[in-house]
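Chemist: here are the coordinates; sequence isn't available:
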């Protein structure tokens, strides 16, 4: 069983070239067989006429010696028939003479030139030969030695062609398989988790395109692996921090001598708050997992988006009132929309919660709604701490936090905007952020007015 592609290519190429050479030889021989037969007869007729002319000119005393010398020179066996029916054979080595039909002999005796039919029989000719005034018939046949030379020449041509073609095929096959071998080796490394692998592209053909897409796949897998590692690291950090606090304060409370009576309620409040953080983190992770799945429920209903925004602002009043923030709602008229009300409510809660969290006390938040073609544009602009330009593209990534110091007073799970983006995307909308450090941030959401297809 042939297993390797290299061997299969070689075997296929060799079979093709051998079949092609043999086929071309047989086809060529079939089409030129009659021409070769006629050409051979013409050559023998010319040799025979020269022989008879030389005999007439020299009148040799020993006819047998003369004809034998001519046979040795031409390598064409000769048989000489007299009118009485006597036959003499002249040849070199042990050549087998053709059997001549009596009709052919009689035809030549009448002064005609005879040509063998050539339908698979030996090639020979017959010439009238006048010797000492008596009519004779000279039959000259094509030399088997000449045939052997031609056969050996054709065999040599076939073998040389096969050898040269095989060498070329070996080089071509190595060139073709080399790239596949490189891809196979790289794939094995990729399967073992080594994503720092690239294969050098070999031109712009199909193999080059395959190599290019393999490198793209490897790069994307590397990014996915990095995201997975970052996700695990971030989740571990987010879980470990509150767990450490809960464990530490619970241990302190267990040993009453370590905690003053007046601090017990304070420690209990911290435990409750950290437990709430864990619960919220768990809820957000479950929500993201649900949104990532293809079976997340989507219930589109028609309602007024402006009313929903007002409800969200009222719901968050304790947070923005505590920081003495000014909230402005800037729109006119109503904004009916066809969408999943519960999911979009999560979007507005998350983006408003972020603005409240990162806007200093006494700050200002402006929420506006407007139409653009078949879209409703939601904009929320705050006067908060803003985001550095190099961090702006990352704010919608999971667990990303612009406050790298992780100040406990404004820290969160880093999942709010990631959830918001996922929901907006599921609604075929777009969300973007614009910001300047220390000058505030603006979040813009473009939502289609109607959602006819179930996501």
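Modeler: Perfect, thanks for sending it. On a predicted model such as this, the values are computed, not experimentally measured, just so you know.
Chemist: what residues sit buried inside stretch 333-348?
Modeler: Within stretch 333-348, the residues scored as buried using 16 or more other CB atoms under 10 Å are 335, 337, 339, 340, 343, 344, 345, 346, 347, 348. No exception for glycine: its C-beta is placed from N, CA and C like everyone else's.
Chemist: narrow these to those in strands?
Modeler: If you go by DSSP state E, the buried residues of stretch 333-348 have 337, 339, 340 in strands.
Chemist: helices of this structure, start to end?
Modeler: 5-58, 63-74, 102-109, 144-191, 206-254, 264-292, 305-315, 317-322, 341-358, 416-426 (DSSP state H).
Chemist: thinking again about what came up before, widest-spaced pair of the buried residues of stretch 333-348?
Modeler: Distance extremes for these: the farthest pair is 335 and 346 at 18.2 Å, using CB to CB.
Chemist: dump the residue contacts of the closest residue to residue 81 other than its chain neighbours.
Modeler: Distances taken as CB to CB, 6 or more residues apart in numbering put residue 137 closest to residue 81, at 4.2 Å, once the chain neighbours are dropped. Contacts for residue 137 (CB atoms under 8 Å, 6 or more residues apart in numbering) come out as 80, 81, 105, 108, 109, 126, 127, 128, 129.
Chemist: hmm, 7 Å instead?
Modeler: Counting by CB atoms under 7 Å, 6 or more residues apart in numbering, residue 137 touches 81, 105, 108, 109, 126, 128, 129.
Chemist: hmm, back to that, let's have the ones in strands among the buried residues of stretch 333-348 in CSV, adding distance to residue 393.
Modeler: Shown next, in CSV, are these (distance: CB to CB, whole Å):
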residue, distance to residue 393
337, 28
339, 26
340, 27
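Chemist: which one of those is nearest residue 364?
Modeler: Among those, residue 337 lies closest to residue 364 (CB to CB), at 26.7 Å.
Chemist: the closest one and residue 377, how far apart?
Modeler: Distance of residue 337 to residue 377, given as CB to CB, to the nearest Å: 12 Å.
Chemist: over to residue 36?
Modeler: Distance from residue 36 to residue 377, by CB to CB: 89 Å.
Chemist: same check, this time on residue 335
Modeler: Counting by CB to CB, the separation of residue 335 from residue 377 is 10 Å.
Chemist: again, but for residue 425
Modeler: With distances taken as CB to CB, residue 425 is found 16 Å from residue 377.
Chemist: check residue 60 and give its pLDDT.
Modeler: Looking at residue 60, its pLDDT reads 87.
Chemist: quick one: it from residue 95, how far?
Modeler: Computed as CB to CB, the residue 60 to residue 95 distance reads 23 Å.
Chemist: between those two, which has more neighbouring residues?
Modeler: The neighbour comparison of residue 60 against residue 95 (other CB atoms under 10 Å) goes to residue 95, with 17 against 13.
Chemist: that one and residue 77 touch, don't they?
Modeler: Yes: Residue 95 lies in contact with residue 77 (CB atoms under 7 Å); the separation is 4.7 Å.
Chemist: flag every buried residue along stretch 91-98.
Modeler: Going by neighbour count (16+ other CB under 10 Å), the buried part of stretch 91-98 is 91, 92, 95, 97, 98.
Chemist: quick check on the closest residue to the last one other than its chain neighbours: phi, psi?
Modeler: Leaving out its chain neighbours, the residue that sits closest to residue 98 by CB to CB, 6+ apart is residue 122, at 4.7 Å. The phi and psi torsions at residue 122 (degrees, to the nearest 10) take the values phi -60, psi 150.
Chemist: ditto for residue 437
Modeler: Here the main-chain torsion angles of residue 437 (degrees, to the nearest 10) amount to phi -60, psi 130.
Chemist: can you pull the contacts of it?
Modeler: Applying CB under 7 Å, 6+ apart, the residues near residue 437 are 386, 387, 388.
Chemist: could you redo the last one with a cut-off of 10 Å?
Modeler: Counting by CB atoms under 10 Å, 6 or more residues apart in numbering, residue 437 touches 385, 386, 387, 388, 389, 391, 392, 402.
Chemist: quick one on the thing from earlier: scan the contacts of residue 137 and report the most crowded one.
Modeler: residue 126 (26 neighbours).
Chemist: for residue 329, which of the helices of the chain is the nearest?
Modeler: Closest of the helices of the chain to residue 329 is helix 305-315, at 6.9 Å (criterion: CB to CB).
Chemist: can you list the residues that contact the closest one?
Modeler: When contacts are defined by CB under 10 Å, 6+ apart, helix 305-315 is touched by residues 304, 320, 327, 329, 331-337, 339, 341, 344-353, 365, 367-369, 376, 378, 380, 447, 449.
Chemist: mind doing that once more with 8 Å?
Modeler: Residues contacting helix 305-315 (CB under 8 Å, 6+ apart): 327, 329, 331, 333-337, 341, 344-345, 348-349, 352, 367, 369, 376, 378, 447.
Chemist: how far out from the middle of the chain is that helix?
Modeler: Relative to its parent chain, helix 305-315 has a centroid offset of 51 Å by CA atoms, centre = their mean, to the nearest Å.
Chemist: any idea of the mean pLDDT for that helix?
Modeler: Computed over helix 305-315, the average pLDDT equals 92.
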